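In: pasting the structure only:
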(Lines give C-alpha, C1' and ligand atoms only; values in the text may rest on other atoms or scores of the structure.)
Protein backbone atom coordinates (compact mmCIF):
# COMPACT_ATOMS: atom_id res chain seq x y z
CA UNK A 1 0.00 0.00 0.00
CA UNK A 2 1.26 3.50 -0.87
CA UNK A 3 2.68 5.60 1.98
CA UNK A 4 0.35 8.47 1.10
CA UNK A 5 -2.45 9.22 -1.35
CA UNK A 6 -1.41 11.71 -4.06
CA UNK A 7 -4.99 12.27 -5.20
CA UNK A 8 -6.99 14.83 -3.24
CA UNK A 9 -10.52 15.33 -4.60
CA UNK A 10 -11.31 17.88 -1.87
CA UNK A 11 -8.61 20.31 -2.97
CA UNK A 12 -7.31 21.82 -6.18
CA UNK A 13 -4.61 19.82 -7.95
CA UNK A 14 -1.03 20.78 -7.08
CA UNK A 15 1.12 22.04 -9.98
CA UNK A 16 3.31 18.92 -9.69
CA UNK A 17 0.31 16.65 -10.41
CA UNK A 18 -1.49 18.90 -12.90
CA UNK A 19 -1.99 17.14 -16.22
CA UNK A 20 -3.36 18.02 -19.63
CA UNK A 21 -4.70 21.41 -20.75
CA UNK A 22 -1.43 22.08 -22.63
CA UNK A 23 -3.10 24.17 -25.33
CA UNK A 24 -4.83 26.38 -22.78
CA UNK A 25 -1.64 26.75 -20.73
CA UNK A 26 0.30 27.91 -23.79
CA UNK A 27 -2.38 30.47 -24.65
CA UNK A 28 -2.35 31.86 -21.11
CA UNK A 29 1.44 32.04 -20.95
CA UNK A 30 1.66 33.92 -24.23
CA UNK A 31 -0.89 36.47 -23.09
CA UNK A 32 0.73 36.96 -19.67
CA UNK A 33 4.03 37.59 -21.43
CA UNK A 34 2.25 40.40 -23.31
CA UNK A 35 0.84 41.76 -20.04
CA UNK A 36 4.40 41.82 -18.73
CA UNK A 37 5.20 44.20 -21.61
CA UNK A 38 2.29 46.48 -20.75
CA UNK A 39 -0.51 45.05 -22.91
CA UNK A 40 -3.48 44.13 -20.67
CA UNK A 41 -5.24 40.83 -21.30
CA UNK A 42 -8.20 39.33 -19.46
CA UNK A 43 -9.58 35.78 -19.42
CA UNK A 44 -12.84 33.96 -18.84
CA UNK A 45 -12.53 30.35 -17.65
CA UNK A 46 -15.91 28.64 -17.88
CA UNK A 47 -17.34 25.14 -17.93
CA UNK A 48 -19.29 22.62 -15.90
CA UNK A 49 -18.79 21.82 -12.22
CA UNK A 50 -15.75 19.58 -11.70
CA UNK A 51 -14.24 20.35 -15.11
CA UNK A 52 -11.00 21.79 -13.67
CA UNK A 53 -11.49 25.57 -13.85
CA UNK A 54 -10.02 26.31 -10.43
CA UNK A 55 -7.18 23.83 -10.96
CA UNK A 56 -6.18 25.64 -14.17
CA UNK A 57 -6.35 28.97 -12.32
CA UNK A 58 -4.11 27.62 -9.56
CA UNK A 59 -1.57 26.48 -12.13
CA UNK A 60 -1.76 29.90 -13.80
CA UNK A 61 -1.01 31.59 -10.48
CA UNK A 62 1.95 29.25 -9.99
CA UNK A 63 3.34 30.06 -13.45
CA UNK A 64 2.75 33.79 -12.99
CA UNK A 65 4.79 33.87 -9.76
CA UNK A 66 7.46 31.35 -10.73
CA UNK A 67 10.29 33.51 -12.17
CA UNK A 68 11.05 30.35 -14.14
CA UNK A 69 12.48 30.60 -17.69
CA UNK A 70 10.21 27.67 -18.65
CA UNK A 71 7.27 29.96 -17.87
CA UNK A 72 8.71 33.06 -19.57
CA UNK A 73 10.33 34.40 -16.36
CA UNK A 74 7.01 35.72 -15.10
CA UNK A 75 6.96 37.52 -11.76
CA UNK A 76 3.45 38.87 -11.11
CA UNK A 77 1.87 40.16 -7.94
CA UNK A 78 -1.16 37.90 -7.66
CA UNK A 79 -4.46 37.58 -5.85
CA UNK A 80 -7.11 34.83 -5.79
CA UNK A 81 -10.61 35.35 -4.45
CA UNK A 82 -13.72 33.14 -4.48
CA UNK A 83 -16.96 35.15 -4.60
CA UNK A 84 -19.61 34.30 -2.01
CA UNK A 85 -23.24 33.90 -3.03
CA UNK A 86 -25.00 37.27 -3.12
CA UNK A 87 -21.81 39.26 -2.57
CA UNK A 88 -21.51 42.74 -4.08
CA UNK A 89 -18.56 43.32 -6.37
CA UNK A 90 -17.42 46.32 -4.32
CA UNK A 91 -16.59 44.06 -1.39
CA UNK A 92 -14.95 41.54 -3.73
CA UNK A 93 -12.57 44.06 -5.26
CA UNK A 94 -11.86 45.64 -1.89
CA UNK A 95 -10.82 42.25 -0.49
CA UNK A 96 -8.69 41.50 -3.56
CA UNK A 97 -6.79 44.77 -3.35
CA UNK A 98 -6.16 44.25 0.35
CA UNK A 99 -4.73 40.82 -0.49
CA UNK A 100 -2.36 42.48 -2.95
CA UNK A 101 -1.13 45.03 -0.41
CA UNK A 102 -0.28 42.24 2.01
CA UNK A 103 2.40 41.21 -0.50
CA UNK A 104 3.72 44.68 -1.33
CA UNK A 105 7.11 45.95 -0.08
CA UNK A 106 7.13 48.73 2.52
CA UNK A 107 8.07 51.40 -0.02
CA UNK A 108 4.91 50.67 -2.01
CA UNK A 109 2.80 50.70 1.16
CA UNK A 110 4.23 54.11 2.09
CA UNK A 111 3.36 55.39 -1.37
CA UNK A 112 -0.25 54.23 -1.03
CA UNK A 113 -0.53 55.87 2.38
CA UNK A 114 0.80 59.19 1.03
CA UNK A 115 -1.28 59.21 -2.16
CA UNK A 116 -4.65 57.73 -1.16
CA UNK A 117 -5.33 59.39 2.19
CA UNK A 118 -8.48 58.15 3.95
CA UNK A 119 -9.11 55.56 1.25
CA UNK A 120 -6.09 53.66 2.60
CA UNK A 121 -5.80 53.70 6.38
CA UNK A 122 -3.73 51.43 8.60
CA UNK A 123 -2.66 49.38 5.57
CA UNK A 124 -6.19 48.55 4.38
CA UNK A 125 -8.54 49.89 1.71
CA UNK A 126 -12.12 50.85 2.41
CA UNK A 127 -14.17 51.73 -0.67
CA UNK A 128 -17.12 54.05 -0.33
CA UNK A 129 -16.16 54.99 3.21
CA UNK A 130 -17.05 58.18 5.07
CA UNK A 131 -20.73 58.43 4.25
CA UNK A 132 -20.70 56.89 0.78
CA UNK A 133 -21.79 53.30 0.26
CA UNK A 134 -22.25 51.23 -2.83
CA UNK A 135 -25.44 49.54 -1.64
CA UNK A 136 -27.74 52.48 -2.38
CA UNK A 137 -30.67 50.15 -3.07
CA UNK A 138 -31.17 46.55 -4.18
CA UNK A 139 -32.98 47.79 -7.30
CA UNK A 140 -30.10 50.02 -8.33
CA UNK A 141 -27.59 47.23 -7.79
CA UNK A 142 -29.47 45.02 -10.24
CA UNK A 143 -29.08 47.53 -13.06
CA UNK A 144 -26.43 46.64 -15.64
CA UNK A 145 -23.44 48.79 -16.40
CA UNK A 146 -21.37 51.38 -14.62
CA UNK A 147 -24.49 53.18 -13.32
CA UNK A 148 -25.35 50.06 -11.35
CA UNK A 149 -21.87 49.73 -9.90
CA UNK A 150 -21.51 53.46 -9.18
CA UNK A 151 -19.08 55.81 -10.87
CA UNK A 152 -17.32 56.77 -7.65
CA UNK A 153 -16.46 53.12 -7.00
CA UNK A 154 -14.85 52.80 -10.43
CA UNK A 155 -12.82 55.95 -9.79
CA UNK A 156 -11.67 54.71 -6.40
CA UNK A 157 -10.70 51.30 -7.75
CA UNK A 158 -8.87 52.91 -10.65
CA UNK A 159 -6.96 55.20 -8.30
CA UNK A 160 -5.91 52.28 -6.12
CA UNK A 161 -4.78 50.11 -9.04
CA UNK A 162 -2.92 53.05 -10.61
CA UNK A 163 -0.93 53.63 -7.45
CA UNK A 164 -0.21 49.93 -6.91
CA UNK A 165 1.10 49.60 -10.49
CA UNK A 166 3.17 52.79 -10.20
CA UNK A 167 4.51 51.57 -6.87
CA UNK A 168 5.71 48.21 -8.20
CA UNK A 169 7.21 49.89 -11.27
CA UNK A 170 9.19 52.28 -9.08
CA UNK A 171 10.26 49.64 -6.54
CA UNK A 172 13.95 48.92 -6.17
CA UNK A 173 15.53 45.92 -7.86
CA UNK A 174 14.39 42.66 -6.30
CA UNK A 175 11.05 44.14 -5.22
CA UNK A 176 9.64 44.85 -8.68
CA UNK A 177 6.82 42.86 -10.24
CA UNK A 178 5.86 42.40 -13.88
CA UNK A 179 2.30 43.42 -13.14
CA UNK A 180 -0.92 42.33 -11.43
CA UNK A 181 -2.82 39.08 -11.93
CA UNK A 182 -6.22 38.99 -10.22
CA UNK A 183 -8.26 35.75 -10.23
CA UNK A 184 -11.96 35.97 -9.38
CA UNK A 185 -13.55 32.54 -8.96
CA UNK A 186 -17.25 31.60 -8.67
CA UNK A 187 -18.25 34.85 -10.41
CA UNK A 188 -21.77 33.46 -10.88
CA UNK A 189 -22.29 34.12 -7.16
CA UNK A 190 -21.93 37.90 -7.56
CA UNK A 191 -25.17 39.75 -6.93
CA UNK A 192 -24.33 42.52 -9.43
CA UNK A 193 -22.81 40.27 -12.10
CA UNK A 194 -24.35 42.24 -14.99
CA UNK A 195 -22.16 45.28 -14.37
CA UNK A 196 -18.79 43.66 -13.72
CA UNK A 197 -17.62 43.21 -17.33
CA UNK A 198 -18.11 46.89 -18.14
CA UNK A 199 -16.35 47.97 -14.97
CA UNK A 200 -13.30 45.77 -15.62
CA UNK A 201 -13.13 46.77 -19.28
CA UNK A 202 -13.26 50.44 -18.31
CA UNK A 203 -10.54 50.03 -15.67
CA UNK A 204 -8.12 48.06 -17.85
CA UNK A 205 -8.64 50.37 -20.86
CA UNK A 206 -7.95 53.47 -18.76
CA UNK A 207 -4.83 51.92 -17.24
CA UNK A 208 -3.63 50.90 -20.69
CA UNK A 209 -4.06 54.41 -22.12
CA UNK A 210 -2.10 55.78 -19.15
CA UNK A 211 0.79 53.41 -19.81
CA UNK A 212 -0.10 51.03 -16.96
CA UNK A 213 -1.40 48.05 -18.90
CA UNK A 214 0.42 45.48 -16.78
CA UNK A 215 -2.78 43.95 -15.44
CA UNK A 216 -4.83 40.83 -16.08
CA UNK A 217 -8.14 39.66 -14.65
CA UNK A 218 -9.15 35.99 -14.80
CA UNK A 219 -12.89 35.47 -14.30
CA UNK A 220 -14.10 31.94 -13.47
CA UNK A 221 -17.66 30.65 -13.48
CA UNK A 222 -20.25 28.28 -14.90
CA UNK A 223 -20.94 28.57 -18.61
CA UNK A 224 -24.55 29.68 -18.10
CA UNK A 225 -23.35 32.68 -16.03
CA UNK A 226 -21.14 34.10 -18.76
CA UNK A 227 -24.11 35.54 -20.65
CA UNK A 228 -25.13 37.46 -17.51
CA UNK A 229 -21.54 38.63 -17.02
CA UNK A 230 -21.47 40.29 -20.46
CA UNK A 231 -25.13 41.33 -20.50
CA UNK A 232 -24.41 44.83 -19.20
CA UNK A 233 -21.71 45.46 -21.81
CA UNK A 234 -21.59 43.06 -24.81
CA UNK A 235 -18.62 44.97 -26.28
CA UNK A 236 -16.57 43.90 -23.24
CA UNK A 237 -16.22 40.48 -24.89
CA UNK A 238 -13.40 41.97 -26.94
CA UNK A 239 -11.45 42.55 -23.73
CA UNK A 240 -11.60 38.90 -22.61
CA UNK A 241 -10.13 35.70 -24.07
CA UNK A 242 -12.65 32.94 -23.41
CA UNK A 243 -11.37 29.51 -22.41
CA UNK A 244 -14.18 26.97 -22.41
CA UNK A 245 -13.03 23.91 -20.48
CA UNK A 246 -14.56 20.62 -21.58
CA UNK A 247 -13.82 17.01 -20.65
CA UNK A 248 -10.25 15.83 -21.17
CA UNK A 249 -9.34 13.59 -24.09
CA UNK A 250 -8.30 10.04 -23.05
CA UNK A 251 -4.55 10.66 -23.24
CA UNK A 252 -4.75 13.67 -20.93
CA UNK A 253 -7.09 11.81 -18.57
CA UNK A 254 -4.58 8.95 -18.36
CA UNK A 255 -1.84 11.45 -17.53
CA UNK A 256 -3.81 12.60 -14.47
CA UNK A 257 -3.77 9.07 -13.03
CA UNK A 258 -0.28 8.02 -14.15
CA UNK A 259 1.30 11.10 -12.55
CA UNK A 260 -0.21 10.09 -9.21
CA UNK A 261 0.66 6.41 -9.60
CA UNK A 262 4.26 7.24 -10.53
CA UNK A 263 4.66 9.62 -7.59
CA UNK A 264 3.93 6.84 -5.09
CA UNK A 265 5.53 4.11 -7.24
CA UNK A 266 2.37 2.06 -7.71
CA UNK A 267 2.39 -0.34 -10.65
CA UNK A 268 -0.46 -0.57 -13.13
CA UNK A 269 -1.35 -2.27 -16.39
CA UNK A 270 -1.30 0.25 -19.26
CA UNK A 271 -3.84 -1.66 -21.36
CA UNK A 272 -6.30 -1.86 -18.49
CA UNK A 273 -5.74 1.83 -17.75
CA UNK A 274 -6.61 2.64 -21.39
CA UNK A 275 -10.02 1.02 -20.92
CA UNK A 276 -10.92 1.86 -17.33
CA UNK A 277 -9.88 5.52 -17.37
CA UNK A 278 -12.79 6.23 -19.70
CA UNK A 279 -15.33 5.65 -16.90
CA UNK A 280 -14.56 9.14 -15.55
CA UNK A 281 -15.55 10.71 -18.87
CA UNK A 282 -12.53 13.00 -18.85
CA UNK A 283 -13.79 15.05 -15.88
CA UNK A 284 -10.82 16.11 -13.70
CA UNK A 285 -12.66 15.93 -10.39
CA UNK A 286 -14.07 12.48 -11.17
CA UNK A 287 -10.54 11.39 -12.09
CA UNK A 288 -9.27 12.62 -8.72
CA UNK A 289 -12.03 10.74 -6.89
CA UNK A 290 -11.31 7.58 -8.90
CA UNK A 291 -7.56 7.86 -8.37
CA UNK A 292 -8.02 8.43 -4.65
CA UNK A 293 -10.15 5.31 -4.34
CA UNK A 294 -7.72 3.23 -6.40
CA UNK A 295 -4.88 4.07 -4.02
CA UNK A 296 -7.11 3.41 -0.99
CA UNK A 297 -8.23 -0.07 -2.08
CA UNK A 298 -4.79 -1.19 -3.32
CA UNK A 299 -2.92 -3.42 -0.86
CA UNK A 300 0.17 -4.50 -2.81
CA UNK A 301 1.36 -1.42 -4.72
CA UNK A 302 -0.07 -2.83 -7.94
CA UNK A 303 -3.44 -1.78 -9.37
CA UNK A 304 -5.30 -4.87 -10.63
CA UNK A 305 -8.79 -5.58 -12.03
CA UNK A 306 -10.31 -6.15 -8.58
CA UNK A 307 -8.91 -2.81 -7.42
CA UNK A 308 -10.45 -1.06 -10.44
CA UNK A 309 -13.87 -2.64 -9.89
CA UNK A 310 -13.96 -1.81 -6.19
CA UNK A 311 -12.65 1.72 -6.72
CA UNK A 312 -15.19 2.46 -9.46
CA UNK A 313 -18.05 1.37 -7.18
CA UNK A 314 -16.71 3.42 -4.28
CA UNK A 315 -16.16 6.47 -6.48
CA UNK A 316 -19.68 6.21 -7.94
CA UNK A 317 -21.23 6.07 -4.45
CA UNK A 318 -19.10 8.99 -3.28
CA UNK A 319 -20.00 11.14 -6.28
CA UNK A 320 -23.73 10.50 -5.72
CA UNK A 321 -23.57 13.00 -2.86
CA UNK A 322 -21.13 15.39 -4.55
CA UNK A 323 -20.79 16.23 -8.25
CA UNK A 324 -23.59 13.97 -9.42
CA UNK A 325 -26.11 15.31 -6.89
CA UNK A 326 -26.39 18.37 -9.14
CA UNK A 327 -27.19 16.20 -12.15
CA UNK A 328 -29.57 13.59 -10.71
CA UNK A 329 -31.96 13.54 -7.76
CA UNK A 330 -30.80 10.51 -5.77
CA UNK A 331 -33.26 11.19 -2.93
CA UNK A 332 -36.59 12.29 -4.37
CA UNK A 333 -39.20 10.55 -6.50
CA UNK A 334 -37.97 10.13 -10.11
CA UNK A 335 -39.25 12.77 -12.53
CA UNK A 336 -39.09 12.51 -16.31
CA UNK A 337 -35.52 13.78 -16.33
CA UNK A 338 -34.49 10.95 -13.97
CA UNK A 339 -36.44 8.47 -16.10
CA UNK A 340 -34.48 9.57 -19.17
CA UNK A 341 -31.19 9.09 -17.34
CA UNK A 342 -32.31 5.73 -15.90
CA UNK A 343 -33.07 4.49 -19.41
CA UNK A 344 -29.73 5.70 -20.79
CA UNK A 345 -27.94 4.04 -17.86
CA UNK A 346 -29.73 0.73 -18.39
CA UNK A 347 -29.21 0.72 -22.18
CA UNK A 348 -25.51 1.34 -21.61
CA UNK A 349 -24.82 2.82 -25.05
CA UNK A 350 -25.80 5.87 -27.08
CA UNK A 351 -29.50 6.16 -27.93
CA UNK A 352 -31.02 8.08 -30.88
CA UNK A 353 -33.22 10.94 -29.67
CA UNK A 354 -36.17 9.98 -31.89
CA UNK A 355 -36.07 6.39 -30.64
CA UNK A 356 -36.00 7.51 -27.01
CA UNK A 357 -38.91 9.92 -27.54
CA UNK A 358 -40.96 7.31 -29.39
CA UNK A 359 -40.43 4.58 -26.81
CA UNK A 360 -41.07 6.82 -23.82
CA UNK A 361 -44.20 8.23 -25.43
CA UNK A 362 -43.56 11.56 -23.70
CA UNK A 363 -42.37 15.01 -24.68
CA UNK A 364 -38.72 14.63 -23.75
CA UNK A 365 -38.04 18.04 -25.34
CA UNK A 366 -39.95 20.00 -22.71
CA UNK A 367 -37.70 22.71 -21.15
CA UNK A 368 -37.33 20.86 -17.83
CA UNK A 369 -36.35 17.54 -19.43
CA UNK A 370 -33.82 16.85 -22.18
CA UNK A 371 -32.83 20.52 -22.82
CA UNK A 372 -32.11 20.98 -19.12
CA UNK A 373 -30.18 17.69 -18.94
CA UNK A 374 -28.00 18.78 -21.84
CA UNK A 375 -27.48 22.23 -20.34
CA UNK A 376 -26.36 20.77 -17.00
CA UNK A 377 -24.02 18.27 -18.66
CA UNK A 378 -25.86 15.25 -17.29
CA UNK A 379 -26.61 14.12 -20.86
CA UNK A 380 -24.55 14.93 -23.93
CA UNK A 381 -24.77 14.28 -27.64
CA UNK A 382 -22.29 12.09 -29.48
CA UNK A 383 -20.45 14.53 -31.80
CA UNK A 384 -20.57 12.08 -34.72
CA UNK A 385 -24.01 10.46 -34.53
CA UNK A 386 -25.92 13.03 -32.48
CA UNK A 387 -27.14 10.19 -30.24
CA UNK A 388 -27.65 10.72 -26.52
CA UNK A 389 -25.11 9.64 -23.90
CA UNK A 390 -24.80 10.04 -20.16
CA UNK A 391 -22.22 12.39 -18.65
CA UNK A 392 -19.79 9.48 -18.04
CA UNK A 393 -19.61 5.77 -17.25
CA UNK A 394 -18.96 6.69 -13.62
CA UNK A 395 -22.23 8.63 -13.60
CA UNK A 396 -23.92 5.58 -15.13
CA UNK A 397 -22.53 3.41 -12.33
CA UNK A 398 -23.85 5.87 -9.74
CA UNK A 399 -27.33 5.73 -11.28
CA UNK A 400 -27.37 1.92 -11.55
CA UNK A 401 -26.23 1.53 -7.94
CA UNK A 402 -29.09 3.81 -6.92
CA UNK A 403 -31.71 2.14 -9.14
CA UNK A 404 -31.03 -1.44 -8.10
CA UNK A 405 -30.91 -0.79 -4.38
CA UNK A 406 -34.56 0.30 -4.52
CA UNK A 407 -37.20 -2.46 -4.17
CA UNK A 408 -39.55 -2.89 -7.11
CA UNK A 409 -37.30 -1.10 -9.61
CA UNK A 410 -37.67 -3.93 -12.12
CA UNK A 411 -41.40 -3.18 -12.45
CA UNK A 412 -40.95 0.51 -13.29
CA UNK A 413 -42.24 1.58 -16.75
CA UNK A 414 -38.87 3.08 -17.70
CA UNK A 415 -37.30 -0.34 -17.03
CA UNK A 416 -39.53 -1.85 -19.74
CA UNK A 417 -38.77 1.08 -22.04
CA UNK A 418 -35.04 0.46 -21.64
CA UNK A 419 -35.57 -3.22 -22.48
CA UNK A 420 -37.46 -2.30 -25.64
CA UNK A 421 -34.70 0.09 -26.75
CA UNK A 422 -32.01 -2.54 -26.13
CA UNK A 423 -33.95 -5.05 -28.23
CA UNK A 424 -34.47 -2.57 -31.07
CA UNK A 425 -30.80 -1.53 -31.13
CA UNK A 426 -29.71 -5.17 -31.22
CA UNK A 427 -32.05 -5.97 -34.08
CA UNK A 428 -31.71 -2.68 -35.95
CA UNK A 429 -28.49 -0.94 -34.83
CA UNK A 430 -29.02 1.96 -37.23
CA UNK A 431 -32.49 2.71 -35.88
CA UNK A 432 -33.30 6.42 -35.64
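Out: In hand now; what should we look at? All figures in this text were calculated on a predicted structure; none of them were measured in a lab. Numbering: from 1, shown residues only.
In: so where's the chain shaky on pLDDT?
Out: Confidence mapping of the chain against pLDDT under 70 gives the ranges 128-150, 408-409, 429-432.
In: Tell me which stretches of it form strands.
Out: According to DSSP state E, the chain carries its strands in the segments 42-46, 77-82, 120-121, 124-125, 180-185, 215-221, 240-244, 267-268, 302-303, 379-381, 388-390.
In: Mind listing residues that contact the third one?
Out: Taking C-beta atoms under 8 Å, 6 or more residues apart in numbering as the criterion, the residues outside strand 120-121 that touch it are 112-113, 160. Where you see a C-beta, it was placed from the backbone N, CA and C, and this is true even at glycine.
In: For these, give me a markdown table that also has neighbour count and distance to residue 193.
Out: Compiled in a markdown table, these are given as follows (neighbours: other C-beta atoms under 10 Å; distance: C-beta to C-beta, whole Å):
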| residue | neighbour count | distance to residue 193 |
| --- | --- | --- |
| 112 | 21 | 29 |
| 113 | 13 | 33 |
| 160 | 23 | 22 |
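In: In helices, which of those fall?
Out: Counting by DSSP state H, these place 112-113, 160 in helices.
In: Just give me the closest of those residues to residue 275.
Out: Proximity of the ones in helices among the contacts of strand 120-121 to residue 275 (C-beta to C-beta) peaks at residue 160, which lies at 54.2 Å.
In: how far away is the closest one from residue 405?
Out: 56 Å (C-beta to C-beta, to the nearest Å).
In: likewise residue 227?
Out: 39 Å.
In: more crowded one of those two?
Out: Counted by other C-beta atoms under 10 Å, residue 227 and residue 405 do not tie: residue 227 has more neighbours, with 11 against 8.
In: Give me the distance between the residue nearest to the spatial centre of the chain and residue 225.
Out: Residue closest to the mean C-alpha point of the chain, counted by C-alpha atoms, centre = their mean, is residue 53 at 2.8 Å. Look at residue 53 and residue 225: by C-beta to C-beta, they are 12 Å apart.
In: any shared contact partners between those two?
Out: Common neighbours of residue 53 and residue 225, using C-beta under 8 Å, 6+ apart, are residue 46.
In: can I get the strands of the chain in a markdown table with mean neighbour count?
Out: Output for those, formatted as a markdown table (neighbours: other C-beta atoms under 10 Å):
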| stretch | mean neighbour count |
| --- | --- |
| strand 42-46 | 23 |
| strand 77-82 | 19 |
| strand 120-121 | 17 |
| strand 124-125 | 16 |
| strand 180-185 | 23 |
| strand 215-221 | 25 |
| strand 240-244 | 16 |
| strand 267-268 | 16 |
| strand 302-303 | 17 |
| strand 379-381 | 18 |
| strand 388-390 | 23 |
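In: would JSON lines of these with distance to residue 372 be doable?
Out: Below are those laid out as JSON lines (distance: least, C-beta to C-beta, whole Å):
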{"stretch": "strand 42-46", "distance to residue 372": "18"}
{"stretch": "strand 77-82", "distance to residue 372": "26"}
{"stretch": "strand 120-121", "distance to residue 372": "47"}
{"stretch": "strand 124-125", "distance to residue 372": "42"}
{"stretch": "strand 180-185", "distance to residue 372": "25"}
{"stretch": "strand 215-221", "distance to residue 372": "19"}
{"stretch": "strand 240-244", "distance to residue 372": "20"}
{"stretch": "strand 267-268", "distance to residue 372": "38"}
{"stretch": "strand 302-303", "distance to residue 372": "37"}
{"stretch": "strand 379-381", "distance to residue 372": "9"}
{"stretch": "strand 388-390", "distance to residue 372": "14"}
